[in-house]
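how would this look folded up:
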Amino acid sequence: MCAHILVAEDNVHQAELVRRYLEHDGHSVVVVHDGRAAIDETRRRNPDLLVLDVMMPLVDGIDVMRAIRTESDVPIVLLTARSTEDDVLLGFDLGADDYITKPFRPRQMVARVRTILRRSGRARETNATVLKVGDLTVDPIRHEVRIKDELINLTPAEFRLLAKMAAQPQRVFTREQLLEDGFITARTVDVHMMKLRRKIEKDSRRPERLLTVYGIGYKLV
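Okay, here's the model as predicted:
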């Protein structure tokens, strides 16, 4: 697998470490060191994936992601020293596909990037079938989700999860099966499920569509 990856990291040593490991894995890598350059290069190069540091000069990583998500669904992996639940939730809410806390092991970072690239919407063939579960509709071609006529705004990671489950309603998916779609830890899956419920349920505390099957995983009904 070879991909064009943009790395945005203001720490030169850290950026070169990430570059070396990603290039060793067969990818083409461009490095920038500030948020403004990250936005400009994403627009110019249209990379297959963006590795984005949160703390950067000129424009921080969170604002970079806000800007990019208005015009692109490029997969984004956040690198950050921030690890509170609020920070993680904010990253996922703005459209991050994964969240790696510093310090991290480079080989694990490469494995996460590889999995996201393999499972991302940009890399896989898209099923043209419109999926319907009750009054919920998932359109893979238009990358749209609607409940009745209301358009639901999902991040790329949320869309992939919902589309996978909508293709087999009533099926119970284990966390391990959902991890195959680019989510590296069970905690990541749980966070995305929580965010999905906030968007597709009338009351996320009493879900009627996206149900937990305790001890096993989740199902869409």
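
ok, now which ones touch the residue nearest the centre of the chain?
Nearest residue to the geometric centre of the chain (CA atoms, centre = their mean): residue 97, 1.7 Å. Contacts for residue 97 (CB atoms under 8 Å, 6 or more residues apart in numbering) come out as 75-77, 116, 120, 155-157, 182. Where you see a C-beta, it was placed from the backbone N, CA and C, and this is true even at glycine.

Which ones among those residues map onto strands?
76-77 (DSSP state E).

Residue 68: which of the contacts of residue 97 is nearest?
Of all the contacts of residue 97, residue 76 has the smallest distance to residue 68: 7.2 Å, by CB to CB.

Switch the contacts of residue 97 over to a markdown table; also include pLDDT.
What follows is those, written out as a markdown table (pLDDT from 0 to 100):
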| residue | pLDDT |
| --- | --- |
| 75 | 92 |
| 76 | 93 |
| 77 | 93 |
| 116 | 89 |
| 120 | 75 |
| 155 | 82 |
| 156 | 77 |
| 157 | 78 |
| 182 | 53 |
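
which among the contacts of residue 97 end up buried?
For these, a neighbour count by 16 or more other CB atoms under 10 Å gives the buried set as 75-77, 116, 120, 155-157, 182.

Specify which member of those residues is nearest to residue 21.
residue 77 (12.8 Å).

Pick out whichever of the contacts of residue 97 sits closest to residue 89.
residue 155 (12.0 Å).

Make sure the closest one is actually in contact with residue 92.
Yes: with contacts counted by CB atoms under 8 Å, residue 155 reaches residue 92, the gap being 7.1 Å.

Overlap in contacts, the two.
With CB under 8 Å, 6+ apart as the test, residue 155 and residue 92 both reach residue 195.
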